[in-house]
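**Q** Coordinates for the following, if possible.
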Amino acid sequence: MSPAERRRLAAECRSAAHEVFTSINREVSSELLQLDLSMGQFKAMATVTMFGAQPVGELARRLGISEPAASLLVGKLEERGLADRVRDEQDRRRILVTATAAGDELAARLRQGKEEQIDQWLAELTDEELDGLLLGFRGLQRVVRGARDAEAEAVAHV
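**A** Residues are numbered from 1 along each chain as shown. Sure, this is the predicted structure:
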């Protein structure tokens, strides 16, 4: 395959993936709009439910914001009953941000809505399309893992 053909196919893949991911996100948008959370609060909640209990400083690092800004977001989530600050059982000096049951339930409900929609769409694919999609995603996983490993190796040598 020529380099020009590879670029054309890659562009088509990117366009198709964008359309699919936009549709997936649109399915959950109505529920997100009813949450009455700012985008920062939503991202903080998603980060805590995804990565588990963590100090405010770690949350700030993951969100790419200052620690005081992360602390304010956590305060807003606490007001809404979606997060708590608790003492770390292993190091009583540390305070961890954790999702409450309501926060975990909300995150699970949003994930479930996306998963159900994806399952419906996948069920409509032919066997050949499903095989091809799986092959493509496994290829992307291989590339992503390689890039992640290279990045970790580069950081280790610094």
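**Q** starting at the chain centroid, how far to the helix or strand bottoming out on mean pLDDT in the chain?
**A** Every helix and strand of the chain was ranked by mean pLDDT, DSSP states H and E. The lowest is helix 3-33, at a mean of 83. Centre-to-centre, helix 3-33 and its host chain are 16 Å apart (CA atoms, centre = their mean, to the nearest Å).
**Q** helices or strands next to it in the packing?
**A** Applying 3 or more CB pairs under 8 Å, 6 or more residues apart in numbering; DSSP states H and E, one finds that helix 3-33 contacts helix 101-123. All C-beta spots, glycine's among them, are computed from the backbone N, C-alpha and C.
**Q** Check the offset of the helix it packs on from the chain's centre.
**A** The chain centroid and the centroid of helix 101-123 are separated by 13 Å, computed with CA atoms, centre = their mean.
**Q** Okay, domains of this structure per the record?
**A** 35-124, 126-158 (automatic domain parsing).
**Q** so of those, which one's packed in deepest?
**A** Of all these, domain 35-124 has the most neighbours on average by mean count of other CB atoms under 10 Å, namely a mean of 15.
**Q** looking only at pLDDT, what's the mean for that domain?
**A** Average pLDDT, domain 35-124: 91.
**Q** Straight-line length of it, end to end?
**A** End-to-end distance of domain 35-124 (CA to CA, to the nearest Å): 31 Å.
**Q** Am I right that Val74 is in contact with Val97?
**A** Yes: assessed by CB atoms under 8 Å, Val74 is found in contact with Val97 at 5.2 Å.
**Q** Overlap in contacts, these two.
**A** Val56, Leu59, Ala83, Arg85 (CB atoms under 8 Å, 6 or more residues apart in numbering).
**Q** Next, format the residues you listed as a markdown table and append distance to Met39 and secondary structure.
**A** A markdown table is the format used below for the shared contacts of Val74 and Val97 (distance: CB to CB, whole Å; DSSP: H, G, I helix; E, B strand; the rest coil):
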| residue | distance to Met39 | secondary structure |
| --- | --- | --- |
| Val56 | 19 | helix |
| Leu59 | 15 | helix |
| Ala83 | 16 | strand |
| Arg85 | 22 | strand |
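**Q** of those, closest to Leu9?
**A** Leu59 (39.3 Å; CB to CB).
**Q** Would you mind listing the residues in contact with the nearest residue to the closest one once chain neighbours are set aside?
**A** In space, and not counting its chain neighbours, Leu59 is closest to Ala70: 4.8 Å by CB to CB, 6 or more residues apart in numbering. By CB under 8 Å, 6+ apart, the contact set of Ala70 is Ala44, Val56, Gly57, Leu59, Ala60, Leu63.
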